[in-house]
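**Q** pasting the structure only:
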């Protein structure tokens, strides 16, 4: 694999590691905003068919979002580091330029 391709792959891993957690937190914040609007309109947290969301369920959703974010970081940061290390230490093929 050419060095440029290895560095491009490392860049993709870094972009995923940096972009995915904020996207997850924005989606969770949007859901929270919808729930708070329902509370302000005296509708409670009824989602339909008399199913009510409790504060414990909201906290569980926050925990799940945090765990998903941490899992993405735990996978893609080492992938970035290993790929970058490979790209730096990979000897060039003889007679070929990247």
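**A** Looks like it arrived, so ask away. Model, not experiment: these values are computed from the prediction. Numbering: from 1, shown residues only.

**Q** Now do the helix or strand that residue 75 is a member of, average pLDDT.
**A** Counting by DSSP states H and E, the element that carries residue 75 is helix 55-89. Here helix 55-89 scores 90 as its mean pLDDT.

**Q** chain center to it: distance?
**A** Put simply, helix 55-89 sits 6 Å off its chain's centre (C-alpha atoms, centre = their mean, to the nearest Å).

**Q** Go through that helix and flag the buried ones.
**A** Using 16 or more other C-beta atoms under 10 Å as the test for burial, helix 55-89 gives 58, 65, 69, 72, 76, 79, 80, 83, 84, 87. For every residue, glycine as well, the C-beta is placed using N, CA and C.

**Q** again with stretch 20-32
**A** Within stretch 20-32, the residues scored as buried using 16+ other C-beta under 10 Å are 20, 21, 24, 28.

**Q** So the first one sits against residue 69, correct?
**A** Right, the one you point to is residue 20. Yes. Judged on C-beta atoms under 8 Å, residue 20 makes contact with residue 69 at a distance of 7.2 Å.

**Q** quick revisit: what's the helix holding residue 75 packed up against?
**A** helix 3-40 (3 or more C-beta pairs under 8 Å, 6 or more residues apart in numbering; DSSP states H and E).
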